[in-house]
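**Student:** Return atomic coordinates for the entry below.
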Amino acid sequence: MLRSPEFLRTTTFRWAVSSALAFASAVLLLFGLTYWQTAGYLTRQVDRGLLSEAASFMNGPANDLRRHIEWRLQTDPRHFNVTGLFGPDGRLLAGNIAGMPAGLPPPGNAARLGVSRILADGSQETRTVRVVDERLPDGRILVLGKDVDAVNELTEIVTRALLLGAVPMAILAIAAGAFLSIRTRRRIEAVHHAARAIMRGQLAKRLPLRGTEDDFDHLAEIVNRMLGEIERLMHEIKGVGDEIAHDLRTPLTRLRARMERAHNGAAGVDELRVTLGEAIDELDQILATMEALLRIAEIEVGRRRAGFKSVEIGQIAAEVNELYEPVAEDKGVVLSVDLKDPRRVDGDRDLLFEAITNIVDNAVKFTPRGGSIAISVLAGGPGPILRVDDTGGGIAAGEREAVLRRFYRSDRSRHQPGTGLGLNLVAAIARLHGFHLSIEGAEGKGCSIGLECWPHDEVASELPRPSQAPDEHGSYTPDNPTRRPAEELQ
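**Tutor:** Take a look at the predicted model:
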């Protein structure tokens, strides 16, 4: 069975034809209203003219009536007028009407009637005309009529225009539908090509943009952002095994070595207990790392949004200050808090407490004795801004993106206890809330971490999120240059 051309089955073509049909219906309605109004106006003009003529006939001398009738007929070269003067018995006394028309309207009104008109050669023809009649005091009846050929011609013109316009309108609608369908199909084919490439594993492939800012471009931009997020997640899934293996290999190796030494050469119960204690500490560290990874995964999939409610950032900051004040005091670090903005935000209180705790914990950990840490809640734009400023070693500009990645630890922080997931967890919590996380300061001059506590548009692209496994030397290198940065996908 033969199938119709593919463009005829496209939605665009059907929309174009439907729009053309709707337009044609609107045009038909417009023409109909125009014809109805124009025909009515012309008919009313004819009726007023006939009534005016009848009044002038009636107001003139009775003996001039026949002369007026002859004059009316003689001054009508196109034979539009019909005139008849009938006696009380219905006999024609003067005029060109063969007989008394049936159904005459009441005096002062007009009607559309069929009238038999006497032609110059004596023959007769029946025409439909507008007719008025008046009764004279002596019983005679005056009938005046006018052929409404102008209205009939208007009907013919309108009908002809509609018929002549329908064909090119249909051709134009089909041509426009075909053009739009073919053009749209080309764009859809480009989308299909990109989608097939992505399905084959080319995750860096993106939907094409034409720069026209039309609906297709807007949809392609949204899909490209989604593909960028999928690519990021895929890279994280691909690299998470390497990350875990790299970070856990060392403690697991130490744990095995200690257990092996204890198994092979423990001198007594006390030495065995010491070895087991060290093994338990190593296992606790491994469990803490795994728990942190699970919490980051739970946050990144957005499962904690159900717990959002109105919370006060200043109150949470005060609780964190109270929790870490003894720790900072023992280390000889001054910890202060300044709460200037009491506004509330929508969020998960426990997660925000954990984020602020991680920031302050890092500040206390890397601020030397005699230094200071200031927790501030300042008035920002739509919401408050949390800032934690310390006088520690700071973070170099080249490491500000890296410290937000999983398991990243700079050379000067490797001797400090920790999993390397603290700031990555903070970044995940910020993304979940739509908050903006910033890191400022210079190496050796302290660090300032800010959290703008109000939702930001496209905040996902503002926070560095791609995870990255270390190379064989244990160091981190820049992202793969073949991958398109997030800003190119927006």
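**Student:** CA atoms for contacts and neighbours, from now on please.
**Tutor:** Fine.
**Student:** Low-confidence ranges, the stretch 351-490 of the chain, go.
**Tutor:** Along the stretch 351-490 of the chain, the parts satisfying pLDDT under 70 run over 406-420, 456-490.
**Student:** repeat that with 80
**Tutor:** Residue ranges of the stretch 351-490 of the chain with pLDDT under 80: 380-381, 396-422, 441-444, 455-490.
**Student:** Now do the strands in it.
**Tutor:** 372-379, 384-390, 436-441, 447-452 (DSSP state E, counting those that start in this stretch).
**Student:** Any chance of TSV for the ones you listed, columns mean neighbour count and distance to residue 65?
**Tutor:** Shown next, in TSV, are the strands of the stretch 351-490 of the chain (neighbours: other C-alpha atoms under 10 Å; distance: least, C-alpha to C-alpha, whole Å):
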stretch	mean neighbour count	distance to residue 65
strand 372-379	21	101
strand 384-390	24	100
strand 436-441	19	100
strand 447-452	21	101
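**Student:** possible to save those as TSV with distance to residue 97?
**Tutor:** TSV is the format used below for these (distance: least, C-alpha to C-alpha, whole Å):
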stretch	distance to residue 97
strand 372-379	98
strand 384-390	97
strand 436-441	96
strand 447-452	97
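**Student:** Residue 126 is nearest to which of those strands?
**Tutor:** The closest of these to residue 126 is strand 436-441. By C-alpha to C-alpha, the value is 90.3 Å.
**Student:** one step back: out of the strands of the stretch 351-490 of the chain, which comes closest to residue 215?
**Tutor:** Residue 215 lies closest to strand 436-441 among the strands of the stretch 351-490 of the chain, at 29.3 Å (C-alpha to C-alpha).
**Student:** helices or strands next to that closest one in the packing?
**Tutor:** helix 422-433, strand 447-452 (3 or more C-alpha pairs under 8 Å, 6 or more residues apart in numbering; DSSP states H and E).
**Student:** Between those, which one is closest to residue 394.
**Tutor:** Judged by C-alpha to C-alpha, the one of the helices and strands packed on strand 436-441 that comes nearest to residue 394 is strand 447-452, at 4.4 Å.
**Student:** same for the closest one, what does it pack against?
**Tutor:** Other helices and strands packing on strand 447-452, by 3+ C-alpha pairs under 8 Å, 6+ apart, are strand 384-390, strand 436-441.
**Student:** Now tabulate the helices and strands packed on strand 436-441 in JSON lines and tack on distance to residue 34.
**Tutor:** Formatted as JSON lines, these follow (distance: least, C-alpha to C-alpha, whole Å):
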{"stretch": "helix 422-433", "distance to residue 34": "61"}
{"stretch": "strand 447-452", "distance to residue 34": "64"}
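**Student:** secondary structure class for residue 213?
**Tutor:** Three-state assignment for residue 213 (DSSP: H, G, I helix; E, B strand; the rest coil): coil.
**Student:** residues contacting the residue lying closest to residue 449 once chain neighbours are set aside?
**Tutor:** In space, and not counting its chain neighbours, residue 449 is closest to residue 439: 4.6 Å by C-alpha to C-alpha, 6 or more residues apart in numbering. Residues in contact with residue 439 (C-alpha atoms under 8 Å, 6 or more residues apart in numbering) are 400, 447-450.
**Student:** one more time with 7 Å
**Tutor:** Counting by C-alpha atoms under 7 Å, 6 or more residues apart in numbering, residue 439 touches 400, 448-450.
**Student:** Can I get those residues in JSON lines including distance to residue 285?
**Tutor:** As requested, the contacts of residue 439 are arranged in JSON lines below (distance: C-alpha to C-alpha, whole Å):
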{"residue": "400", "distance to residue 285": "25"}
{"residue": "448", "distance to residue 285": "28"}
{"residue": "449", "distance to residue 285": "26"}
{"residue": "450", "distance to residue 285": "28"}
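**Student:** what's residue 452 in contact with, if anything?
**Tutor:** With C-alpha under 7 Å, 6+ apart, residue 452 has these contacts: 384-386, 435-437.
**Student:** Turn the residues you listed into TSV, columns for distance to residue 17.
**Tutor:** Formatted as TSV, the contacts of residue 452 follow (distance: C-alpha to C-alpha, whole Å):
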residue	distance to residue 17
384	55
385	56
386	58
435	48
436	49
437	52
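**Student:** Quickly name whichever of those is closest to residue 255.
**Tutor:** Closest approach between these and residue 255, by C-alpha to C-alpha: residue 437, at 36.7 Å.
**Student:** Excluding covalently adjacent residues, which one is nearest to the closest one?
**Tutor:** Ranked by C-alpha to C-alpha, 6+ apart and with sequence neighbours excluded, the top spatial neighbour of residue 437 is residue 451, at 4.8 Å.
**Student:** from memory that neighbour sits against residue 388, does it?
**Tutor:** No: using C-alpha atoms under 7 Å, residue 451 makes no contact with residue 388, being 8.9 Å away.
**Student:** Are there residues contacting both of the two? Which ones?
**Tutor:** What both residue 451 and residue 388 touch, as defined by C-alpha under 7 Å, 6+ apart, is an empty set.
**Student:** For residue 188, find the nearest of the strands of the stretch 351-490 of the chain.
**Tutor:** Nearest of the strands of the stretch 351-490 of the chain (C-alpha to C-alpha): strand 436-441, 36.4 Å.
**Student:** The closest one pairs with which strands, parallel or anti?
**Tutor:** Take DSSP bridges as the rule and strand 436-441 pairs in its sheet with strand 447-452 (antiparallel).
**Student:** Checking residue 202 next. Helix, strand or coil?
**Tutor:** Residue 202 ends up coil, using three-state DSSP.
**Student:** Just want the phi and psi numbers for it.
**Tutor:** With angles defined as degrees, to the nearest 10, residue 202 sits at phi -80, psi 80.
**Student:** what's the answer for residue 130, then?
**Tutor:** phi -90, psi 130.
**Student:** Setting aside sequence neighbours, what's the nearest residue to it?
**Tutor:** Distance criterion C-alpha to C-alpha, 6+ apart; nearest residue to residue 130, sequence neighbours excluded, is residue 112 at 4.6 Å.
**Student:** quick check, the one you found in a helix?
**Tutor:** No: using three-state DSSP, the assignment for residue 112 is strand, not a helix.
**Student:** Neighbours of it, how many?
**Tutor:** Here the number of neighbours of residue 112 (other C-alpha atoms under 10 Å) works out to 18.
**Student:** Just to check, it is in contact with residue 132?
**Tutor:** No: the pair residue 112 / residue 132 is not scored as a contact, 9.2 Å apart, by C-alpha under 7 Å.
**Student:** C-alpha coordinates for stretch 207-215, CSV please?
**Tutor:** Extracted in CSV, the C-alpha atoms of stretch 207-215 (Å, rounded to 0.1, in the frame of the first residue of the first chain):
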residue,chain,number,x,y,z
LEU,A,207,21.9,19.3,20.5
PRO,A,208,22.6,21.8,17.8
LEU,A,209,21.6,25.5,18.3
ARG,A,210,20.9,27.9,15.5
GLY,A,211,21.1,31.1,17.6
THR,A,212,17.6,32.2,16.5
GLU,A,213,16.3,32.2,20.1
ASP,A,214,13.2,30.4,19.0
ASP,A,215,11.3,27.6,20.9
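**Student:** And the contacts of it?
**Tutor:** Residues outside stretch 207-215 that contact it (C-alpha under 7 Å, 6+ apart): 191, 194, 217, 220, 224.
**Student:** Quick check: which element contains the second one?
**Tutor:** Using DSSP states H and E, residue 194 maps to helix 149-199.
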